[in-house]
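1. model the structure of this input:
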Amino acid sequence: MGKSYKPVVIADKCYVRAPFHPKMEKYKYDIIIEPKMSFGTAHHETTALMLEQILHLDLKDKLVLDMGCGTAVLAILAYKMGAGKVTAIDIDEWAFNNAKENVERNNAKFVKVLFGNMELTKGIYDVIFANINRNVLMHDIPLYAENLNKHGLLLMSGFYEADIPVIEERAKDNGLKLSSSSLKNNWQL
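-> Now for the predicted structure:
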């Protein structure tokens, strides 16, 4: 991506930038993401939707899981918002390595980055982020439900508006219910 990569501002609070962009003090959350091949620079609608929704959450001392973390941008924001412990997992080796670099770059001390899939987790989380794709989400919803605190929150994106009925049905079959959704250019959260 190089120098053509532009910083992204989310809800006038979160500034996602490359290391070569200057820090902007006016934003509460400054996140540095090295623009490599991993998904999650905040330029894609689903990442922007997730970041915007996360900004509305109270993550203080919460246990957070970021599945399919890509660059770990969501995990880093959760850390910066006061999450107690954050686990970020990706099945892609390139993304895993990039996530580790970005976690270090942002000094996100309580973010643990793992290489693998949902089966790596054997804990209960207060909040789970899953910005992946429809097929992976459909497969993993039972695992999310199993690893989610009874009053926890699951934020999913990476699918189209037309996918909502099947995803909602799968979630309902696993004891989850839709509480809200957002739409940006046909991409759904």
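2. partner strands of the longest strand seen in the chain, with direction?
-> Assignment by DSSP state E gives strand 148-157 as the longest strand of the chain. Applying DSSP bridges, strand 148-157 is found paired with strand 125-131 (parallel).
3. and the next helix or strand past the strand it pairs with?
-> Counting by DSSP states H and E, the next helix or strand C-terminal to strand 125-131 is helix 134-146.
4. any stretches of the chain with poor pLDDT?
-> For the chain, residues meeting the criterion pLDDT under 70 lie at 1-4, 37-40, 181-189.
5. how about a cut-off of 50?
-> In the predicted model, the chain carries pLDDT under 50 at residues 1, 188-189.
6. before we move on, back to that, got the contact list for the longest strand of the chain?
-> 46-47, 49-50, 53-54, 57, 63, 124-132, 137, 144-145, 167, 171, 176, 187-189 (Cβ atoms under 8 Å, 6 or more residues apart in numbering). Using the backbone N, CA and C atoms, a C-beta is placed for each residue, glycine as well.
7. go again using 7 Å as the cut-off
-> 46, 49-50, 53, 124-131, 137, 144, 176, 187-189 (Cβ atoms under 7 Å, 6 or more residues apart in numbering).
8. and Y79, what element?
-> Going by DSSP H and E, Y79 is in helix 73-80.
9. what are the buried residues along that helix?
-> Within helix 73-80, the residues that count as buried by 16 or more other Cβ atoms under 10 Å are V73, L74, A75, I76, L77, A78, Y79, K80.
10. what is the nearest of the residues you listed to E93?
-> A75 (17.3 Å; Cβ to Cβ).
11. what is the burial count for the closest residue to I141 other than its chain neighbours?
-> Nearest-residue entry for I141: R170, 4.9 Å, with adjacent residues in sequence omitted and distances by Cβ to Cβ, 6 or more residues apart in numbering. The local packing of R170 (other Cβ atoms under 10 Å) involves 17 other residues.
12. give me the angle between the longest strand of the chain and helix 134-146.
-> Angle between the axes of strand 148-157 and helix 134-146 is 160 degrees (criterion: axes from the mean of the first three to the mean of the last three Cα atoms, to 10 degrees).
13. immediately after strand 148-157, which helix or strand?
-> Strand 148-157 is succeeded, C-terminally, by strand 159-160 (DSSP H and E).
14. from the middle of its chain, how far away would that following strand be?
-> Strand 159-160 has its C-alpha centroid displaced from the chain centroid by 15 Å (Cα atoms, centre = their mean, to the nearest Å).
15. hmm, N174 is touching A145, no?
-> Yes: at 3.9 Å, N174 counts as touching A145 under the criterion of Cβ atoms under 7 Å.
16. got a list of what K36 touches?
-> Taking Cβ under 7 Å, 6+ apart as the contact definition, K36 lies against N98.
17. gap between the residue nearest the centre of the chain and K172?
-> The residue lying closest to the centre of the chain (Cα atoms, centre = their mean) is L74, at 3.6 Å. L74 is 24 Å from K172, where distance means Cβ to Cβ, to the nearest Å.
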